[in-house]
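# Below are the sequence and a predicted model for it; my questions follow.
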Amino acid sequence: QVQLVESGGGLVQPGGSLRLSCAASGSIFRINGMGWYRQAPGKQRELVAAITSAGSTNYADSVKARFTISKDFANKKVYLQMNSLKPEDTAVYYCNAELIRLGEGRTTRGYWGQGTQVTVSS
């Protein structure tokens, strides 16, 4: 089994910062990429940021220059530094991993964490 556990969410005032962490565990052979998605009430889940094993990154336009994704795949972790937070960043943030499990050759599968709530409000 593979598990993803997020941490670091909470309540923050507009303009504040939070750092989200996600740790993967289980029978993992290789992580190809990890990312963060978010889902606000009444909206679809959307990509926030993603990073590959080679270090390539991709960001949603709405978070560019404010959020930074980083990785420590040797320890099966990914982080999201969120600065200059806005009320519209309020959502449940989900960690995603695209990885190969032990004994599954080159088959890449996607996994999700349970999510962590981020609320930006004064």
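Everything's here; your move. What you see is a predicted model; the values in this text were computed from it and never measured.
# Only C-alpha atoms from now on, for both contacts and neighbour counts.
Fine.
# so where do the strands sit in this protein?
Applying DSSP state E to the chain gives strands spanning 2-7, 10-12, 18-26, 28-39, 46-52, 57-59, 67-72, 77-82, 91-101, 108-112, 116-120.
# most packed of those?
Most buried of those by mean neighbour count (mean count of other CA atoms under 10 Å) is strand 91-101; its value is a mean of 23.
# got the angle for that one vs strand 77-82?
Counting by axes from the mean of the first three to the mean of the last three CA atoms, to 10 degrees, strand 91-101 lies at 160 degrees to strand 77-82.
# Look at D61 and say how many residues are nearby.
As a burial measure, D61 scores 9 neighbours (other CA atoms under 10 Å).
# how about a markdown table for the strands of the chain, with mean pLDDT added?
Shown next, in a markdown table, are the strands of the chain (pLDDT from 0 to 100):
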| stretch | mean pLDDT |
| --- | --- |
| strand 2-7 | 97 |
| strand 10-12 | 98 |
| strand 18-26 | 98 |
| strand 28-39 | 97 |
| strand 46-52 | 98 |
| strand 57-59 | 98 |
| strand 67-72 | 98 |
| strand 77-82 | 98 |
| strand 91-101 | 97 |
| strand 108-112 | 96 |
| strand 116-120 | 98 |
